[in-house]
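A.B. asks: following is a predicted model, sequence given first.
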Amino acid sequence: MNSTSTSTNTTSPGTAPSERPRDRALTAPTVSCVFVCHDGAGRILLARRSAGARDEPGSWDTGAGALEHGETFEEAVRREVREEYATEARTIETLGVRNILRGTPVSHWVAVVFAVEVDPGRVAIGEPHKFDALGWFTPDELPEPPHSQLAETLALLPARGRWAGR
C-alpha cells in the first residue's frame, strides 16, 4: 500500500522561516528595493500599512521588497510593483542608496531606491494583508502619519525634475 503525505509550506521553496529577508536583516545586511511610484505629473503613490503589516500599521509608505537571489534590481522592482500594486512599471529610474538601521535588536537594510512611473488608472491593492488604502499625493501634501522611513526616502526624489510634469 502506498501512502503519500502532504504538508503545507508557508514560505518560499527552499526558504525556512528564519531565512526570510526580514529575519536575516537581524543578523546581516539585507538588500531591499524601495520604489516611489509616480504618475509622471508630480503625484506619488503611497500605501497605508494595514493591521497585518510587519511594522508601523496605519502609516503611509512607499513600496518595497527584498531583492531575491539571482534577481536584477529591475526584475525585483517590476515583481514588487506587480505584487503590491497589481500593475506594471512603465519606467524605472535609480535614485540612490540608503543604509537603514532600525530598532532593537537592530534590523539592517541596504535600500536601493527607485522612482517608478505607473498608470494611475491601473493601480490597485495587490497585497491587502499589508495595505488597506492607496492614495495619490503631491510631495508637499503628504498624508498622516508617515512611515518612519518615508521622509528620508522622498528626500532622494529630484526636485520637480524628470519624474514630475515633464
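C.D. replies: Happy to help now that I have it.

A.B. asks: point to the helix or strand of the protein where mean pLDDT is at its lowest.
C.D. replies: For the chain, using mean pLDDT, DSSP states H and E, the weakest element among its helices and strands is helix 21-24, scoring a mean of 77.

A.B. asks: now that helix: buried residues?
C.D. replies: Residues of helix 21-24 classed as buried: none (neighbour count, 16 or more other Cβ atoms under 10 Å). No exception for glycine: its C-beta is placed from N, CA and C like everyone else's.

A.B. asks: hmm, who's touching it?
C.D. replies: The contact list for helix 21-24 (Cβ atoms under 8 Å, 6 or more residues apart in numbering) reads 17, 30, 32, 54, 66, 107.

A.B. asks: tell me the one among those nearest to residue 120.
C.D. replies: Closest approach to residue 120 among the contacts of helix 21-24 (Cβ to Cβ): residue 32, at 24.4 Å.

A.B. asks: so what does the strand or helix carrying the closest one touch, helix or strand wise?
C.D. replies: Element membership of residue 32, judged by DSSP states H and E, is strand 30-38. Using 3 or more Cβ pairs under 8 Å, 6 or more residues apart in numbering; DSSP states H and E, the elements in contact with strand 30-38 are helix 21-24, strand 44-49, strand 63-66, helix 73-85, strand 91-102, strand 107-117, helix 150-154.

A.B. asks: nearest to residue 138, out of these?
C.D. replies: strand 44-49 (7.6 Å).

A.B. asks: next, the angle helix 73-85 makes with the closest one.
C.D. replies: If you take axes from the mean of the first three to the mean of the last three Cα atoms, to 10 degrees, strand 44-49 sits at 60 degrees to helix 73-85.

A.B. asks: any idea how far the residue nearest to the spatial centre of the chain is from residue 130?
C.D. replies: Central residue of the chain (Cα atoms, centre = their mean): residue 64, 1.3 Å from the mean position. To residue 130, residue 64 is 10 Å away according to Cβ to Cβ, to the nearest Å.
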